[in-house]
Structures are given as structure tokens and as C-alpha cells.
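Colleague: sequence first, then the predicted structure, then my questions.
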Amino acid sequence: MTRIKAAALLAAAALTLSGCGFSGIYDLPLPGGADLGDQPYRVEVEFRDVLDLVPQSGVKVNEVTVGRVDSIGFAADGWTAEVTVLVNGGVELPANAFAKLRQSSLLGEKYVELSAPPSGQAAGRLADGARIPLERTNRNTEVEEVLGALSLLLNGGGVEQLRAITRELNAATEGNESNIRALLDNVNTMVTTLDAGKSDITRALDGINRLASTLNGQKDQITGVIDDIGPGLKVLTDQRRQLVTMLQSLDSLSGVAVDTVNKSQADLVADLKALTPTLQKLGEAGNNLPKALELLLTFPFTDQAVKGVKGDYFNLYAKIDLNLQSVLDNLSRTRQNPLQDVPIIGGATNGSTGVPAATAPAPLPLPALSVPTLPVPVPGVPQTPQTGVSSIFDILLGGGR
């Protein structure tokens, strides 16, 4: 009878719980949990899968319990889990903290681990109402997943093919040990060289990056050049026939030129050999020839004529006949002294008549032009006048008065 009463009480209790909306054991509050202090703060964490995480599970930092899981539900997208945790107010974490779902042991309970980001990336402070998104959450691998993958490998995976793979590797490497060893040595040398030149490789990549940036900054100009080159290419396309004809003509011309050079090779070599003595003599006269050409600029007065000057200037008289017929007659038939009409200072002439220059008859019927030269002073030399044609010949011959 006592047992019947106990069963009735249990059934009544079960009905009462069902009437209150009880849907499972996970809805029952669990006792215990971490010490949250006086002012804990709430953080919402998004996970892709929370596995069998339950409320009242621990929240740890560096393996130290600092909070507990308050609730677990669906996120706004309906596909991910949203875990609300309460953290002791005295625990300070960066605002960009990471959250990971871990397991205390192989068959132990699940808990949420909070951690700071890598060194140098921490920013701000995790505060009440903060949210850790999916990008900063993760979970560990479950034992069931490891066993399932191992079962798949052993039952229908590649274990059966390991023997075949090993046999084929042995067949491929048998007899090629030296080549494989040399290959590994070459690979080692290459990797070592690349490692030694990694700074150069980095610098080259940086240079390529700068070049790409420069080209990107000048893309408008490059686009303009590409657009403007179109008409030029069209002209080349239109003149393709003429260009081909020109190249074919150049090919024919080169063939003719080569044939001509081959046929005239002996004559060309003979001409060059015959020219050798002339070139040798010109080379031997190389020092004297420029000195000889200096006389052209000093005619009719040589460099030595200056030493014979007793005064400070030269006197030069010239009579120029502009009648070509008279010039030809004078050069071919006349017996007249060409210097007889040259006036001499003092009233005498160079002829035998002794007639003054002012009254001497003209030898030709056409008028003649007498051009006296102006005295040319020589600095530093006393000015002593020289007169007559005899003075000129004295100067040319190195004499003087």
C-alpha cells in the first residue's frame, strides 16, 4: 500500500511538471557555478555549433574559471548558436577577444574559453553587452569526429591502398637511389640559395609592387596610348603589301650585294694592297704635311719675312686689269715689263725710260685699276718707311735696307 501511494505521488508530480511547461532535463537549473562577484558583465558569443554545451557550464580564462554560461539559443539568422555568458566584473579582456568551445578532458564537460588576440593586436576592453562574432569563435575537435574519421579510413578508406602505394614507391625508387639523392641535394641547394636571397626576392617583389602602383596611377595615359596606337596599326595593316614588297626587294638587293662582293673580292683586295704604299707615305708625312699647309695662309709673306722688317709696316702695290682679253694678251704675247708702271715713292719708275708714274703712258687701251695697300703697323717696331718694289723683294729674300 505504501508503494502504491509513492507511485501516485510521483505520477502527480510528473503531471504537475508537465502542466508547468517542462520540456526536458536541460530546462532544469543546475546548482553551483563560478563566483561572478558583485557586478558581472554579460557577453554574447556566436558559435556555428555548440555541440552538447549546457547552461551553467564554466567560462575560463587561462584555465581559470571566471564566469558561467547563462543561456543558449539561436542567433538572428536561425542557423548559428548564440551563447550568453556572465563574466566576473574584475576580469579585464580586450574588446576583440576570442572565444573557443573546449573540453576539459577526453570525456569531460564542455566549457567556453575566452582569450586575448595575438600580441600587439589587442584593442579596447570587453564590456557589458559586448558581442563576439563568428569570425572570432571556434571549437575543438570532438572525440566522436576523430573516431568516425578513423572508422571511415579503416573500413572504406585508403588503408587497403597503402600496400599498393608502398610497393609502387619501392619500384619507382629502386635503382635510382643516386639520382634521388642528387635531386634532394639540388633541392636543398636551391632552397638554401632562395633563403640566402630572400631579401633580394622581397626587394624585387616590392619593386614590382611599386611598378604596379605607378602603372595604376598612369592608367589613363596608358589607356590613351593604347587607344591612339590603333590608327597607326591600321595604317601598317593597310600598307602591309608595300612593306612585304619592300622586304622582298631588300632580300633580293642583299643577295645581289653579297654576290657582287664575292665576285669582286679579288679586285677589292688587290686595290687595297695597291693603296697600301700611298697610305704608308701619307702616314710618314703626317707630321710635315700640316706644317707645309701653313704657308697657304701666309702667302706671299712667309713667317721668316717678319724678321726682315726694319720698319713697322709692309708696302704692297697691286695693279689689277679687269679686262679678260687684256689679261690673256699680256700673259701670252706681250714683252712689256709688268712692273714698269708700279709707282715708286720719289717719282721714279721701274722701267728704263725714267718717266714719272704720273705721266707714264698706259700700256693698254682699257683703263686699269691701281690698288695701293695701306701700311700694316707692327707693334713694338720703330716706324721706318720702306719704298718701291725693291723693298718687297728685299723683304721676301730676307734682306732690307
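Modeller: Nice, I can see it. Residues are numbered from 1 along each chain as shown.
Colleague: only C-alpha atoms for contact and neighbour calcs from this point on.
Modeller: Will do.
Colleague: per-residue pLDDT, Asp341?
Modeller: Predicted confidence (pLDDT) at Asp341: the value is 57.
Colleague: go on, Asp303?
Modeller: Model confidence at Asp303, given as pLDDT, is 64.
Colleague: secondary structure element holding Glu46?
Modeller: Following DSSP states H and E, one finds Glu46 within strand 41-47.
Colleague: just the residues contacting that strand, thanks.
Modeller: 75, 80-89, 99, 127-134, 137-138 (Cα atoms under 8 Å, 6 or more residues apart in numbering).
Colleague: what pairs with that strand, parallel or antiparallel?
Modeller: strand 81-87 (antiparallel), strand 130-132 (parallel) (DSSP bridges).
Colleague: check this protein for its longest strand and report it.
Modeller: strand 64-74 (DSSP state E).
Colleague: for it, give the mean pLDDT please.
Modeller: On average, strand 64-74 scores 89.
Colleague: I'd like the distance between Asp220 and Thr214.
Modeller: As defined by Cα to Cα, to the nearest Å, Asp220 lies at a distance of 11 Å from Thr214.
Colleague: can you check Asp49 too?
Modeller: Asp49 sits at a distance of 47 Å from Thr214 (criterion: Cα to Cα).
Colleague: the more surrounded of those two?
Modeller: Neighbour comparison, Asp49 and Thr214: the larger count goes to Asp49, with 14 against 11 (by other Cα atoms under 10 Å).
Colleague: surely that one is in a strand?
Modeller: No - applying DSSP: H, G, I helix; E, B strand; the rest coil, one finds Asp49 to be coil, outside a strand.
Colleague: please read off the pLDDT at it from the model.
Modeller: 86.
Colleague: is it true that it touches Thr80?
Modeller: Yes - using Cα atoms under 8 Å, Asp49 makes contact with Thr80 at a distance of 6.8 Å.
Colleague: what about the stretch 301-401 of the chain, any weak spots by pLDDT?
Modeller: In the predicted model, the stretch 301-401 of the chain carries pLDDT under 70 at residues 301-322, 327, 330-401.
Colleague: what is the burial count for the nearest residue in space to Gly37 that is not next to it in sequence?
Modeller: Spatial nearest neighbour of Gly37, chain neighbours left out: Asn88 (5.7 Å); criterion: Cα to Cα, 6 or more residues apart in numbering. Using other Cα under 10 Å, Asn88 is surrounded by 20 other residues.
Colleague: hang on, the earlier thing: which of the contacts of strand 41-47 are buried? Put it as a ChimeraX command.
Modeller: Per 16 or more other Cα atoms under 10 Å, the buried members of these correspond to this ChimeraX selection:
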select :75,80,81,82,83,84,85,86,87,88,89,99,127,131,132,133,134,137,138
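Colleague: related to what we said a few turns ago, how about the strands paired with strand 41-47 in a markdown table, adding mean pLDDT and distance to Ser178?
Modeller: Below are the strands paired with strand 41-47 laid out as a markdown table (pLDDT from 0 to 100; distance: least, Cα to Cα, whole Å):
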| stretch | mean pLDDT | distance to Ser178 |
| --- | --- | --- |
| strand 81-87 | 91 | 58 |
| strand 130-132 | 90 | 57 |
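Colleague: can I get those in TSV with distance to Ala196?
Modeller: Output for these, formatted as TSV (distance: least, Cα to Cα, whole Å):
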stretch	distance to Ala196
strand 81-87	49
strand 130-132	43
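Colleague: identify each buried residue in the longest strand of the chain, please.
Modeller: Buried residues in strand 64-74 (16+ other Cα under 10 Å): 65-70, 72.
Colleague: what does it contact?
Modeller: Under Cα under 8 Å, 6+ apart, the answer for strand 64-74 is 33-36, 54-60, 80-88, 91, 112.
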